[in-house]
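Participant: Pasting the sequence and the predicted coordinates here, then a few questions.
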Amino acid sequence: MSEKVDYLAVLVGPPGHGKSSLAAELAEARLREGRWVLVQDMNREFGRFCQTYPTEAAFLDVVHRASKEEKACPAGAAFPLSADRVLALAVQLGTAWNLERGSVAQPICVVVNETTSFEGSGSTFVGQDLARILGQRRHLGLEIVFCMQHVAQLPALVFESVTEVHMFRQSRRDRVDQIERTVGLERGRLERLLELEPHRYATWRPMAGLC
Amino acid sequence: MVESTPTPQPQPLTAEDELARRRELANERSRRHRARYASPQPQPYPDAAARSPSPSSSSSSSSAPLPVHATRRLESIGSTPEDYTKLPPHVDAPPQAVDPAAAADAAAGAKQVAWAVAWVFKMALQDAANRYQLGDAIVAQFPGMDPAAIPGVLTAAVVHVQECTERVALKYGLGVVLPYQDELTSLGAVAFSAAYLGAKWSGKLDAFDAARKAAAPPAAVKRAAPPDEDDDEDSLTDADGVLKFRRKA
């Protein structure tokens, strides 16, 4: 049975203010809903509920053996690798499990926990895999969560497809301005981000606004 | 008679006057700038109306409080990896990871040989009279290569060629999925031959033959001429018309 997959979340805030905690909440919720979850985990924070693999090959080997023996394996996988590699793995699995079969039977949630580790990190660079993900994520069955410190770390193209933005404390007024411009809020609407305590965040969704 | 009053000519400014004039202009710009940012009515961004809900919504009002949520602490998550398990889907051949470091080092030489082999296949298919032996051709392509290493390298090269052309071989019904991005530049005869050899090496020849009969072959395929009965020793192909190679004596 094909599932409808359309989730692209962006978490923005400085280190130590709760992005990883929220990303973990979102990842665990996806696991409870029966999705596969791949996490880019450079800081080894997701090993509590995700199986950690040193390389993509180690994970694929476990999956292949489980498939052959018709046994279940952990649906959450964490990788201490660069974002490019984890996204490439997600595209690989999405192609084999969903795109090639013509339906999304195995939704996959990818959590990119450190966008600075993209090979070409910056607001104008769109790598081949990222461009493909943005254009084909529904067909590949991919849901994506990006964690970053500044909105400029991701191309503007991402924000045209985003389904929710979670904003943590900002230390500078120009950063707040940038977020307001990126999501299309009036100036000053997010001024309170300058005073938020750690582990507090605001959420914006297209068509629903701040909620 | 009315005497006209001469129009007073503007006096040229002194340096001090010019400096004062410029200072006053700068101060006026700063006052306007501060007045704009101190305004109680913030100016909307040009595209705010396109992205945000209607102005009547309370959440878009600058005076409305900002809804704030709290996260759970990472340490409070008590689940383990075994709490969430799934049965992976079955695929005929699983996706294989490509280790970038390994691909850069170990596979570089095999990849070069694969291209050389593909070139030789193409030449052999196009010209049955071509008497190149595959091993000789590879040695010619890479001077200094140990001929004794050729069989092992050729095996790896053929598999690599097969994998590179997998996306073409899919239409022959092999059903193998390997997400290689590279494609050989001449997919016609080379792909067909490489896919055939790959099927033979991996024991899927029956499936390949059945799919081949069901599918139309590529227009560019040229099969090598069948070996002469009296020239078996030097033939470039075996009884099936498939290219063979011999170790150099």
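Facilitator: Received the coordinates, thanks. Numbering: from 1, shown residues only, chains lettered A, B, ... in the order given.
Participant: what's the spacing between the closest residue to A:Gln149 other than its chain neighbours and chain B?
Facilitator: Taking C-beta to C-beta, 6 or more residues apart in numbering or on different chains, and ignoring the residues beside it in sequence, A:Gln149 has A:Pro14 as its nearest neighbour in space, at 5.8 Å. For the C-beta atoms, the positions are set from N, CA and C on the backbone; glycine is no exception. Distance of A:Pro14 to chain B, given as C-beta to the nearest C-beta, to the nearest Å: 14 Å.
Participant: can you check A:Arg30 too?
Facilitator: Relative to chain B, and taking C-beta to the nearest C-beta, A:Arg30 is found at 9 Å.
Participant: what sits against that residue?
Facilitator: Contacts of A:Arg30 were listed using C-beta atoms under 8 Å, 6 or more residues apart in numbering or on different chains, and they are A:Val37, A:Cys109, A:Glu143.
Participant: between those residues, which is closest to chain B?
Facilitator: A:Val37 (8.0 Å; C-beta to the nearest C-beta).
Participant: Now do the SS call for that closest one.
Facilitator: Look at A:Val37: counting by DSSP: H, G, I helix; E, B strand; the rest coil, its state is strand.
Participant: filter the contacts of A:Arg30 down to the ones close to chain B.
Facilitator: With the criterion set as C-beta under 8 Å from any C-beta of the partner chain, the members of the contacts of A:Arg30 near chain B are A:Val37.
Participant: Flag the shaky bits of chain B, pLDDT-wise.
Facilitator: B:1-13, B:30, B:32-63, B:91-249 (pLDDT under 70).
Participant: How about chain A?
Facilitator: Applying pLDDT under 70 to chain A picks out residues A:1-3, A:114-129, A:131.
Participant: Quick check: the residue of chain A at minimum distance from chain B vs B:Tyr84, distance?
Facilitator: Nearest residue of chain A to chain B: A:Gly184, at 2.3 Å (C-beta to the nearest C-beta). From A:Gly184 across to B:Tyr84, the span is 36 Å (C-beta to C-beta, to the nearest Å).
Participant: same thing with B:Gly78?
Facilitator: 13 Å.
Participant: Count the residues that sit near the residue of chain A closest to chain B.
Facilitator: 19 (other C-beta atoms under 10 Å in any protein chain shown).
Participant: can you check A:Lys71 too?
Facilitator: With other C-beta under 10 Å as criterion, A:Lys71 counts 11.
Participant: host element of the residue most central in space within chain A?
Facilitator: Most central in chain A under C-alpha atoms, centre = their mean is A:Val145, positioned 1.7 Å from the mean C-alpha point. According to DSSP states H and E, A:Val145 maps onto strand A:142-148.
Participant: Thought A:Ala90 was touching the residue nearest to the centre of chain A, still the case?
Facilitator: No. Applying C-beta atoms under 8 Å as the test, A:Val145 and A:Ala90 come out as separate, 11.5 Å apart.
Participant: any idea how far the residue lying farthest from the centre of chain A is from A:Asp61?
Facilitator: Residue farthest from the centre of chain A, counting by C-alpha atoms, centre = their mean, is A:Glu69 at 30.8 Å. Taking C-beta to C-beta as the measure, A:Glu69 falls 12 Å from A:Asp61.
Participant: Now the residue of chain A closest to chain B: phi and psi?
Facilitator: Backbone torsions of A:Gly184, given as degrees, to the nearest 10, read phi 90, psi 30.
Participant: same thing with A:Val104?
Facilitator: The phi and psi values for A:Val104, taken as degrees, to the nearest 10, are phi -90, psi 90.
Participant: What is the burial count for the closest residue in space to A:Thr52 that isn't next to it in sequence?
Facilitator: Among residues not flanking A:Thr52 along the chain, A:Ala78 sits closest, at 4.6 Å (C-beta to C-beta, 6+ apart). If you count neighbours by other C-beta under 10 Å, A:Ala78 ends up with 28.
Participant: A:Ala78: which element?
Facilitator: A:Ala78 belongs to strand A:76-79 when assigned by DSSP H and E.
Participant: counting contacts, what elements does that strand pack onto?
Facilitator: strand A:36-40, strand A:51-52, helix A:56-69, helix A:83-94 (3 or more C-beta pairs under 8 Å, 6 or more residues apart in numbering or on different chains; DSSP states H and E).
Participant: Name the residues that touch that strand?
Facilitator: Contacts for strand A:76-79 (C-beta under 8 Å, 6+ apart): A:27, A:31, A:36-41, A:44, A:46-47, A:49-56, A:59, A:85-86, A:89, B:81, B:84.
Participant: Neighbouring strands - and their directions - for it?
Facilitator: strand A:36-40 (parallel), strand A:51-52 (parallel) (DSSP bridges).
Participant: any idea which of these is most buried?
Facilitator: strand A:36-40 (a mean of 27; mean count of other C-beta atoms under 10 Å in any protein chain shown).
Participant: Which strand residues bridge A:Val165?
Facilitator: According to DSSP bridges, beta-bridge pairing links A:Val165 with A:Val10, A:Trp204.
Participant: State the number of residues packed around it.
Facilitator: Around A:Val165 there are 23 residues (other C-beta under 10 Å).
Participant: show me the contacts for it.
Facilitator: Contacts for A:Val165 (C-beta under 8 Å, 6+ apart) come out as A:Ala9, A:Val10, A:Leu11, A:Val12, A:Phe159, A:Ile179, A:Val183, A:Thr203, A:Trp204, A:Arg205.
Participant: Number of residues surrounding the fifth one?
Facilitator: So that's A:Phe159. Residues near A:Phe159, counting by other C-beta under 10 Å, number 17.
Participant: isn't it right next to A:Arg181, touching?
Facilitator: No. Counting by C-beta under 8 Å, A:Phe159 stays clear of A:Arg181, with 10.2 Å between them.
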